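S.K.: let me see the structure of the following:
(chains A, B, C and D)
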Protein chains: 2
Amino acid sequence: MHSFTEENYLKAIYHLSEGNLMAVSTNQIAEMTNTKAASVTDMLKKLSEKKLINYIKYQGVTLSNSGLNAAVNIIRKHRLWEFFLVEKLGFKWDEVHDIAEELEHINSATLINRLDDFLGNPAVDPHGDPIPDRSGLIKHKKLVKVSEMKAGEQGTVSGVSEHSSVFLKLLEKLGLTLGSKIMITELIEFDGSIILTINQKTDRTISREVAKNILVML
Amino acid sequence: MHSFTEENYLKAIYHLSEGNLMAVSTNQIAEMTNTKAASVTDMLKKLSEKKLINYIKYQGVTLSNSGLNAAVNIIRKHRLWEFFLVEKLGFKWDEVHDIAEELEHINSATLINRLDDFLGNPAVDPHGDPIPDRSGLIKHKKLVKVSEMKAGEQGTVSGVSEHSSVFLKLLEKLGLTLGSKIMITELIEFDGSIILTINQKTDRTISREVAKNILVML
DNA sequence: TAATAATTTTAGATTAGCCTAAATAAAATA
DNA sequence: TATTTTATTTAGGCTAATCTAAAATTATTA
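M.R.: Numbering: from 1, shown residues only, chains lettered A, B, ... in the order given. All right, here's what the predicted structure looks like:
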C-alpha cells in the first residue's frame, strides 16, 4: 500500500484537479499540503516512479488511473467516516474533518465496506459531498452556487464548497443546513450580498463570499 | 502527543510487564515489536528523556506514571474499537486485532469517549479483556487458566491469553467462546490434556497448551 | 573465580519526508 | 525580443526510526 504521506499527496492532487481537469502545479500542492515546493518535487518524482501520477518536469501533474483510484478510495473512506461520526456518534458537521483526516488512512477494504453497509450505504456525507461507492463511482449532482442564482429562484441547500469549521458554524447560526429550502428574495447591487428566505419562514442576508460557498439543488 | 512508534513501544512494555511487574528487557521488547535490540535501545533513550519510562542501562525498563497512563489509553482505544468491529460491523473475534492495531492510534479523546458511550460503555472486549474506563481504571477479574482447574470444577469461559487468529479459530471450532460454561470431566495424566463438557452438552478434549490459554471465571 | 556465553549498548549507515538556498526554466512585461 | 519576475527543480542537510557490526556489560558455568 501507499504511505500515509503519499496518500495525502494523491488526495491533494485529486481535490486540486477536480473540476479543472487541468494539470496541477507544484506550488498548489505545496500550499494544500502545507509543505514547501521543493518537498513536493521530491514526492512527485516518487509518485511518478510508482506510476500514480503523470508528471513532466515544469509541466505540472495529473493523476494516472491507479492514482485516481487510490485517491477516490481515500475520499470514500473520509466521507464514510464523517458520516459515521455525525450520524452515529453525534458530532456536528464542523467537528468531523480532522478526525476523518486520520481515519481515512486506516487500511482495510473489508472494514470500509462493512462500515458502508452499517451506515446504510449513504450517498452523501454530512457536507453534502457525494460518497464514492465501493467500485469508485461517484454520483455528482448538478449543484449551483447561491451566488449564481437569480432573484425569485428557489432551491435546496445540498452542499458546501468550503469545509472550515468557522464557515460551517456560521451556516449553522444562520439556519442554513443541508436540506434547507431557500428562495432568493433580493439581490443587493451595492456589494453583491443576497437576501434569502429559509424554509419560507426566516429572512437572512448573506455576503457574496458566503453565497459562493453554498451549493443548491434547483 | 506521542508518535505512532512511541505508542507501540509503550504498549509493548505494558503488555510485557503486566503480571510480572518486573523490569522488561531490551530483547523482550525487540521481539514483541519485531525490531532489533539496537533499535530498542535507541527508543528507550528517547522515551526515557520524555519521562515515559524508567530506564537504567543494562537494567531493563518500567513504565513511569505518565507512560503507564499513555499505554492504558492506547489499550482502551484498541479494545473499544475491537468491540465496535465485532458488535457493530459483524467481524469475528479472530479478525479484529490488526485493524484495531491501526485504529488505536487515532488521536481524539472526544472520539473515543463518544464511541464508548455509543457502544454502551462495555466492560470487556470480544476476547474478554477488560476495557479501561475514561479515567484509566481497569477492572481486572480474577480468572483462572483451564490448565489449573481440577477434575469436577466448573466455570465460565471469560478470556483468552493468546490472541492469534489460529488459536481463536480453533476455540470457535471447539465451541469454546466467551460465556461457554465448562466442566472439567477428566484430566489425562499421560500428556496433561483435558476432557471437558461444554454447556452440559458437548464433550471435547483439549491439549494442555490450549488449556493454558483459556481463562475461566469460577 | 576465571572463562565463556548471552545481552545490551555504541558507532556508523540507510531511508522517508522534510527543509533552505541556489540554479534553472517558464511566463510576463517592457 | 530582451529583461524581469515567478515557478520549479536541484543540491545539500536534518530528523526519526531503523539496521548491521563491533564493543561493553552482565550472567552463567566450568
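
S.K.: show me what from chain A comes close to chain B.
M.R.: Within chain A, the positions adjacent to chain B are A:85, A:88-91, A:95, A:98-99, A:102-103, A:106-108, A:110-111, A:114-115, A:118 by Cβ under 8 Å from any Cβ of the partner chain. C-beta here means a position set from N, CA and C on the backbone, and glycine is covered the same way.

S.K.: ramachandran angles for the residue nearest to the spatial centre of chain A?
M.R.: By Cα atoms, centre = their mean, chain A has its centre lying nearest to A:D129, at 5.8 Å. The phi/psi pair for A:D129 (degrees, to the nearest 10) reads phi -80, psi 140.

S.K.: quick check: it touching A:H78?
M.R.: No - contact criterion Cβ atoms under 8 Å: A:D129 and A:H78 do not qualify, at 9.0 Å.

S.K.: from DNA strand D, how far off is A:G90?
M.R.: 33 Å (Cβ to the nearest atom of the strand, to the nearest Å).

S.K.: go on, A:S165?
M.R.: A:S165 is 28 Å from DNA strand D, by Cβ to the nearest atom of the strand.

S.K.: what's the closest non-adjacent residue to that residue?
M.R.: Spatial nearest neighbour of A:S165, excluding adjacent residues (Cβ to Cβ, 6 or more residues apart in numbering or on different chains): A:D94 at 4.2 Å.

S.K.: for chain A, what lies in contact range of DNA strand D?
M.R.: A:25-28, A:37-38, A:40-42, A:44-45, A:55, A:57-58, A:60 (Cβ under 7 Å from any atom of the strand).

S.K.: all the strands of chain A, residue numbers only.
M.R.: Remark: strands assigned in chain A by DSSP state E are A:53-55, A:61-63, A:144-145, A:154-160, A:181-187, A:194-198, A:202-206, A:214-217.

S.K.: each with direction, which strands does the fifth one pair with?
M.R.: Strand partners for strand A:181-187, identified by DSSP bridges, are recorded as strand A:154-160 (antiparallel), strand A:194-198 (antiparallel).

S.K.: how about the last one?
M.R.: Looking at strand A:214-217 with DSSP bridges, its paired strands and their directions are strand A:144-145 (antiparallel), strand A:154-160 (antiparallel).

S.K.: what mean pLDDT would you report for the first one?
M.R.: Summarised as a single mean, pLDDT over strand A:144-145 is 96.

S.K.: quick check, pLDDT for the residue of chain A most remote from its centre.
M.R.: What lies farthest from the middle of chain A is A:F190; by Cα atoms, centre = their mean that is 30.8 Å. pLDDT, A:F190: 94.

S.K.: residues contacting it?
M.R.: By Cβ atoms under 8 Å, 6 or more residues apart in numbering or on different chains, no residues touch A:F190.

S.K.: so how far is the first residue of stretch A:196-214 from its last?
M.R.: 12 Å (Cα to Cα, to the nearest Å).

S.K.: buried residues of it, list them for me.
M.R.: A:196-198, A:204, A:206, A:210-214 (16 or more other Cβ atoms under 10 Å in any protein chain shown).

S.K.: now swap in stretch A:143-161 and tell me
M.R.: A:143, A:146-147, A:149, A:155, A:157-160.

S.K.: with adjacent residues omitted, what lies nearest to A:V157?
M.R.: A:S180 (4.5 Å).

S.K.: that neighbour: neighbour count?
M.R.: A count of nearby residues for A:S180, using other Cβ atoms under 10 Å in any protein chain shown, gives 19.

S.K.: ok, now A:K92?
M.R.: Other residues close to A:K92 by other Cβ under 10 Å number 13.

S.K.: ok, it touching A:E172?
M.R.: Yes - at 7.5 Å, A:K92 and A:E172 qualify as touching, with contact defined as Cβ under 8 Å.

S.K.: all helices of chain A, in order?
M.R.: A:4-17, A:26-33, A:37-49, A:65-87, A:97-103, A:109-118, A:165-174, A:208-212 (DSSP state H).

S.K.: show me chain A divided up by domain.
M.R.: The record assigns chain A these domain ranges, following automatic domain parsing: A:4-63, A:144-217.

S.K.: looking at these, which is closest to B:N73?
M.R.: domain A:4-63 (21.2 Å; Cβ to Cβ).

S.K.: please see if that closest one touches DNA strand C.
M.R.: Yes - contact of domain A:4-63 with DNA strand C (Cβ under 7 Å from any atom of the strand) involves A:4-6, A:33-36, A:38-39, A:42-43, A:46, A:58.

S.K.: how about the strands paired with strand A:214-217, which one is nearest DNA strand C?
M.R.: strand A:144-145 (26.0 Å; Cβ to the nearest atom of the strand).

S.K.: of the residues of chain A next to chain B, keep whichever come out buried.
M.R.: Among the residues of chain A next to chain B, those scoring as buried are A:85, A:88-89, A:91, A:95, A:99, A:102-103, A:106, A:108, A:111, A:114-115 (criterion: 16+ other Cβ under 10 Å).

S.K.: roughly how far does A:R204 sit from A:H163?
M.R.: Distance, A:R204 to A:H163, using Cβ to Cβ, to the nearest Å: 21 Å.

S.K.: same question for A:Q59.
M.R.: 30 Å.

S.K.: so for the two, which sits in the more crowded spot?
M.R.: A:H163 (15 against 10).

S.K.: per-residue confidence at the more buried one?
M.R.: Reported pLDDT for A:H163: 92.

S.K.: repeat that for A:N20.
M.R.: On the pLDDT scale, A:N20 gets 71.

S.K.: also the one 4 residues further on?
M.R.: At A:V24 the predicted local confidence, pLDDT, stands at 96.

S.K.: okay then, goodbye and thanks.
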